[in-house]
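K.L.:
coords please:
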Amino acid sequence: MLHEIGLVSEVAAWRGECWKWTVEFRAFPAGETMAILVPAPENPQLALPLTREFLESLPLKRLKRGVREGLELASEPFDTNLAIWSLAPGPLISDLHDLLLRRVRHLARKTG
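P.N.:
The predicted model follows:
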């Protein structure tokens with residue numbers, strides 16, 4: 001799914017004792033991190049670094065509850081820009097695909 005939307009560069013990155021090794025996805029090797037896969041066997045997760053500008057552009061009321069819940073961590077009053085979801089099989093994966101497409105389009109408009 002991540003490759004399909006244009007995130008073709010993968011980089012292994014140490015994220016500390018909590019997440020340990022992760023896989024960061026970027027549109028190109030020197031670009032900004034667009035998605036972080038936390039391959040924990042007991043709880044695989046997807047984290048998205050999000051800007052306040054992108055969060056404010058989202059139609060939050062139209063997004064599904066599972067997506068909104070992950071976005072809450074990247075919003076006020078929390079002191080992080082990472083939205084995080086556990087990757088359980090089910091419809092959340094396709095909802096996150098839509099969110100990632102929005103993120104890629106937003107970045108494309110911003111960079112011109």
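K.L.:
which residue ranges of the chain form helices?
P.N.:
For the chain, applying DSSP state H gives helices covering 16-19, 52-57, 65-72, 92-111.
K.L.:
and of the ones you listed, who's closest to Ala83?
P.N.:
In terms of Cβ to Cβ, the element of the helices of the chain nearest to Ala83 is helix 65-72, at 4.7 Å. No exception for glycine: its C-beta is placed from N, CA and C like everyone else's.
K.L.:
figure out which of the helices of the chain is closest to Met1.
P.N.:
helix 92-111 (5.3 Å).
K.L.:
residues making contact with the closest one?
P.N.:
1-2, 5-7, 27, 32, 34-35, 46, 48, 50, 53-54, 57-58, 63-64, 66-67, 85, 87 (Cβ atoms under 8 Å, 6 or more residues apart in numbering).
K.L.:
tell me the mean pLDDT for it?
P.N.:
The predicted model assigns helix 92-111 a mean pLDDT of 85.
K.L.:
give me the distance from stretch 102-112 to the chain's centre.
P.N.:
Averaging C-alpha positions (Cα atoms, centre = their mean, to the nearest Å) puts stretch 102-112 14 Å from its chain's average.
K.L.:
before we move on, the earlier item: make a markdown table out of the helices of the chain and add mean neighbour count.
P.N.:
Shown next, in a markdown table, are the helices of the chain (neighbours: other Cβ atoms under 10 Å):
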| stretch | mean neighbour count |
| --- | --- |
| helix 16-19 | 9 |
| helix 52-57 | 13 |
| helix 65-72 | 16 |
| helix 92-111 | 15 |
